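In: quick one: sequence plus predicted model below, questions after.
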Amino acid sequence: MTIESKESTVAHIVEPVPQAACEVAMRVKQAVEPLRAQLSNACASAQQKSSDFVSSVEAHIRRAPLKSLAYAAGIGVLVAVIGSLFARKSDSSSANADE
């Protein structure tokens, strides 16, 4: 096989690759666009729901501030108890590992 025939064979193989890559890229772009729109809509919906929730919580705090304070204190105590249980479990695990 001569050098010229090798070059023409290589050119014949290499030239369709960029066009095929462009076609694949276009198909991927077409597939991604609807997903991007769905994600955008879901994000906007989540932002609206979280904004509504915050407004609802703020209204509840204004209506019953002492009740809200009691809820917050109860949640704080619950978190502290759970945290101390995990810390105690972690301390006993590390003490067993040291032995």
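Out: Thanks, I have the structure now.

In: neighbours around Ile61, how many?
Out: Residues lying near Ile61 (other CB atoms under 10 Å) number 14. Where C-beta positions appear, they are placed from N, C-alpha and C, glycine not excepted.

In: other SSEs contacting the host helix or strand of Leu35?
Out: In this assignment (DSSP states H and E), Leu35 forms part of helix 16-63. The contact analysis (3 or more CB pairs under 8 Å, 6 or more residues apart in numbering; DSSP states H and E) places helix 16-63 against no helix or strand.

In: how far off centre is it?
Out: Counting by CA atoms, centre = their mean, to the nearest Å, helix 16-63 is centred 11 Å from the centre of its parent chain.

In: ramachandran angles for Ala64?
Out: phi -140, psi 80 (degrees, to the nearest 10).

In: that older thread, immediately after the helix holding Leu35, which helix or strand?
Out: helix 65-98.

In: that next one: how far from the chain's middle?
Out: Relative to its chain's centre, helix 65-98 lies at 28 Å (CA atoms, centre = their mean).

In: mind listing what's buried in that helix?
Out: Residues of helix 65-98 classed as buried: none (neighbour count, 16 or more other CB atoms under 10 Å).
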